[in-house]
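Visitor: Sequence first, predicted coordinates after that:
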Amino acid sequence: MASKGLQDLKQQVEGTAQEAGEYSARPRAQAGAAAWTPMDQLAKTTQETIDKTASQASDTFSGIGKKFGLLK
């Protein structure tokens, strides 16, 4: 049950990240690449943080599930 909730959370995070990427691509066509370099770095750092947090949450839920015999 916990892994299903985690999977749903992961899908929501990935969907949100994808939407953010799509929105940031629109104005990029109208501006120079140099103006978007800081935004690219911010997006990259944010995505790495989201991925790390999701991984830690997965590990935590897995550990809890194993501890209480919910997962093998």
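Guide: Looks like it came in fine.
Visitor: Poorly predicted segments of this protein, please.
Guide: Applying pLDDT under 70 to the chain flags the ranges 1-6, 17, 20-35, 70-72.
Visitor: how about the top helix by length along it: buried residues?
Guide: Of all the segments assigned as helix in the chain under DSSP state H, the longest by residue count is helix 33-67. Buried residues in helix 33-67, counting neighbours by 16 or more other CB atoms under 10 Å, are found at A57, S58, F61, G65. Every C-beta, even on glycine, is put in place using the N, C-alpha and C of the backbone.
Visitor: just checking, what packs against it?
Guide: Contacts of helix 33-67 with other secondary structure elements, assessed using 3 or more CB pairs under 8 Å, 6 or more residues apart in numbering; DSSP states H and E, are made with helix 2-28.
Visitor: For F68, give me the backbone phi and psi.
Guide: phi -100, psi 10 (degrees, to the nearest 10).
Visitor: From D40, how far out is it?
Guide: Distance, F68 to D40, using CB to CB, to the nearest Å: 43 Å.
Visitor: same check, this time on K66
Guide: K66 is 39 Å from D40, by CB to CB.
Visitor: before we move on, what about Q18?
Guide: The span separating Q18 from D40 equals 16 Å under the rule CB to CB.
Visitor: Likewise for I64?
Guide: The span separating I64 from D40 equals 36 Å under the rule CB to CB.
Visitor: quick one on the thing from earlier: farthest pair within the buried residues of helix 33-67?
Guide: Of all pairs drawn from the buried residues of helix 33-67, the one with the largest separation by CB to CB is A57 and G65; the distance is 12.3 Å.
Visitor: about what we covered before: could I get the buried residues of helix 33-67 as JSON lines with distance to D8?
Guide: Below are the buried residues of helix 33-67 laid out as JSON lines (distance: CB to CB, whole Å):
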{"residue": "A57", "distance to D8": "12"}
{"residue": "S58", "distance to D8": "12"}
{"residue": "F61", "distance to D8": "12"}
{"residue": "G65", "distance to D8": "15"}
